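could you look at this predicted model? Sequence included:
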Amino acid sequence: MFNLSIVTPEKIFYEGEVTSVVVPGSEGYLGVLTDHAPLITAIVPGKFTIKDKSSKEILFCVSYGFFEVSANHATLLADSVEFATDIDFERAKDALSRAKKRLADTAGNIDIARARRAYERAFNRIRLAGYDTE
């Protein structure tokens, strides 16, 4: 067992003891178990999976941020986190549509990096909700 904290800019989203974590790192998914070597990695939008102390698997939808492991404590710092079961499909679909329109703006009136991040977050939310994104 090790301790996990999931933190967003607004609040501490989750704290508890877990047996494992699978996180969407910038270089691919990585797994963490008890006594893992210290590490820090950037995270990208994806599925963040934990197994709690009763071996129940819990899925989260995460966006950009950082993940750190040290001395049997893991911390996920993310722009946004939500339980995969709480994803509002219609809201995510609308966000994806808005992001696509912004990315298609050829007049150059938008922040491309911000629009790309919004697109990736919405795409991830729809995918984790179990819907087709196209």
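Great, that's in hand.

let me know the pLDDT of the residue positioned nearest the centre of the chain.
Centroid-nearest residue in the chain: Val62, 1.3 Å away (criterion: C-alpha atoms, centre = their mean). pLDDT recorded at Val62 is 93.

please apply the same query to Glu134.
pLDDT for Glu134: 45.

now do Ala71
You'll see Ala71 listed with a pLDDT of 95.

same question, Tyr131
Tyr131 carries a pLDDT score of 55 in this model.

surely Val44 meets Glu27?
No. The criterion here is C-beta atoms under 8 Å, and Val44 misses it with Glu27 at 9.4 Å. Every C-beta, even on glycine, is put in place using the N, C-alpha and C of the backbone.

quick one, which of these two is more surrounded?
The neighbour count for Val44 versus Glu27, taken as other C-beta atoms under 10 Å, is higher for Val44 (19 against 9).

contacting residues around the more buried one?
Contacts for Val44 (C-beta atoms under 8 Å, 6 or more residues apart in numbering) come out as Pro24, Gly25, Ser26, Tyr64, Glu120.

of those, which is the most crowded?
For those, counting by other C-beta under 10 Å, the largest number of neighbours falls to Pro24: 22 neighbours.

who does that residue bridge with?
Beta-bridge partners recorded for Pro24 (DSSP bridges): Tyr29.

outline the domain layout of this protein.
Taking automatic domain parsing as the domain assignment, the ranges for the chain are 2-84, 88-128.

worst average pLDDT in these?
Note on the domains of the chain: lowest mean pLDDT is at domain 88-128, with a mean of 78.

now the end-to-end length of that one.
Criterion C-alpha to C-alpha, to the nearest Å; first-to-last residue distance in domain 88-128 is 11 Å.

stretch 102-117 now?
11 Å.

what does stretch 77-87 give?
End-to-end span of stretch 77-87 (C-alpha to C-alpha): 19 Å.

perfect, I'm done here.
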